Structures are given as structure tokens and as C-alpha cells.
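Chemist: Could you work out the structure for the sequence below:
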Amino acid sequence: MTTSLGANLKAVLFDLDGTLIDSTEAIVQSFYHTFDHVGDPRPTRAAIEDTISAPLEVQLASLMDRDPVEMARIYRDHYFATSTDSTVLLPEVRDTLEQLKAAGLALGIATSKSRKGSEILLDHLGVRDYFDSLIGADDVTHTKPHPEALLVSLELMGVAADEAVYVGDTHFDTQAARRAKIPCIGVATGYATRLELEKEDPAHVMDDMGVVCRVILCSVNGLE
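Modeler: Below is the predicted model of the structure:
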């Protein structure tokens, strides 16, 4: 599906993992640490990666038969201490943020990662100041694919759903956007393939953030 985002675009919301950053190695190593800490055999890397983008407690419950809340504390202690060592911005993200900000757009993040974990990485990568809003898993009652994080973001940024677009890399993102009535751009840089994203029928599916940036700027300038 390809639809116009509209010339009245005022804000761009982003998912974080797989959309703006690659933190896969930090996530996998923190899962390994959690399993090692309690003496359980490690899951495969593929099994861990298959759960990424779900809320942490949901990930843990799917991988081990222990209290996911307690396991999440062990995971987060390790992740907060080590995640900056191996997390990087995805290609063209910094340029995209600069260009969208220069175009006068408000920028926000709606993620299933914790606020603290998100802020640690955004500060480390030098991009926290680009964002007018950051909503993490601990800021809402219901995480994606529930639309709450996106709806709270819109309220904080003072924009309507038809004045925003959400950019994400999984079905959690496309479904949350649909439920919030926000146009969505799927970007195949993270944890879903282009084909998987296309099956979700977002407004656009793009292969990289540079193309996402161009599509948004064309919409702002009335060139779609």
C-alpha cells in the first residue's frame, strides 16, 4: 500500500530498536547473563532475536520458566551497565534526524524499551536532544501493539493523529500505528523482513532510513 502522508505533517514518531539503533548484541548478551545468573541453559541466539521488540517481561516468559519480573531486574542491571559498549546508530539515522528537525518537524520516540535504557543509549549516541518526546514501556500501562504509547506521544507533542507518522520495523509498530490511526512507515532495517512488513499493509515500506527521510520531506513539501 502506498498512500500520501499529507502536507500537514507536523511530527514524526519512531520506534527505537531496529529502527534507529542496533542494540542486538547488547540484548543477546544481557539475556545470556540472566540465564547464567540463575543457572539455566542459555537459549539460542536465534530464539532470543525472535522475541526482540516484545516487552522484556514477555520475552523472558517465552524463554524461561521463572518469574519474569525478577528476571527482568537481573537483565536490566546488566543491560544498563553494558549496553553502550555494543550499540550503534543504524545507517543514515543521524542525518535523517538532522534533516527532519531542520524542516521544523517535532520528533518523538515510542518504544517498548524502558525509559532509562532508552535514555542511556540516546545520550551515549549523542542524539537525545533531537527528540521532543520519549515514551518508554514504563510510561504506559499497555505496550505495543496497543496504541497507548503513540497516543500519549501525540498528546505530549500537541499534534493530531493525521499530523503525524510513525516509523517502525516490526508488526508491533504497524499494528500500534493502525490502532492509533497514525500513518505508518515500515523500515526493513531491524527485526522483520520487507515481505513481513508489506503483509502488515502500512502506508509505505522502505529499505533504509535515508529513503524514509526523503519520503517524509517530500510530503512536508507537497511533492508526493
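
Chemist: rest of the way, CA atoms for contacts and neighbours
Modeler: Fine.

Chemist: Can you show me the strands along this protein?
Modeler: For the chain, the strands defined by DSSP state E occupy 11-14, 21-22, 88-89, 106-110, 133-135, 164-168, 184-187, 204-206.

Chemist: partners of the first one, with directions?
Modeler: The reference is to strand 11-14. Strand pairing for strand 11-14, using DSSP bridges, gives strand 106-110 (parallel), strand 164-168 (parallel).

Chemist: Could I get those in a markdown table, plus columns for mean pLDDT?
Modeler: As requested, the strands paired with strand 11-14 are exported to a markdown table (pLDDT from 0 to 100):
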| stretch | mean pLDDT |
| --- | --- |
| strand 106-110 | 98 |
| strand 164-168 | 98 |
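
Chemist: Deepest in the core, which of these is it.
Modeler: Highest mean neighbour count among the strands paired with strand 11-14 (mean count of other Cα atoms under 10 Å): strand 164-168, with a mean of 27.

Chemist: Could you check how far the most far-flung residue of the chain relative to its centre is from Glu49?
Modeler: Distance from the C-alpha centroid of the chain peaks at Gly39, with 30.9 Å (Cα atoms, centre = their mean). Distance of Gly39 to Glu49, given as Cα to Cα, to the nearest Å: 21 Å.

Chemist: what's the answer for His204, then?
Modeler: 24 Å.

Chemist: thinking again about what came up before, redo the strands of the chain as CSV? Include distance to Arg76.
Modeler: Shown next, in CSV, are those (distance: least, Cα to Cα, whole Å):
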stretch, distance to Arg76
strand 11-14, 22
strand 21-22, 17
strand 88-89, 19
strand 106-110, 19
strand 133-135, 18
strand 164-168, 23
strand 184-187, 27
strand 204-206, 32
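
Chemist: Do a quick rundown of the helices in this protein.
Modeler: 24-38, 45-51, 56-63, 68-82, 93-102, 115-125, 148-157, 171-180, 194-199, 209-220 (DSSP state H).

Chemist: what about the ones you listed, which gets the closest to Leu9?
Modeler: Of all these, it is helix 209-220 that lies closest to Leu9, at 6.0 Å by Cα to Cα.

Chemist: Show me what that closest one packs onto, helices and strands only.
Modeler: Applying 3 or more Cα pairs under 8 Å, 6 or more residues apart in numbering; DSSP states H and E, one finds that helix 209-220 contacts helix 93-102, strand 184-187.

Chemist: Of these, flag the one that's most buried.
Modeler: Among the helices and strands packed on helix 209-220, ranked by average contacts under mean count of other Cα under 10 Å, first place goes to strand 184-187 (a mean of 28).

Chemist: quick one: it to chain centroid distance?
Modeler: With Cα atoms, centre = their mean, to the nearest Å as the basis, strand 184-187 stands 11 Å off its chain's centre.

Chemist: I am finished for the moment; much appreciated.
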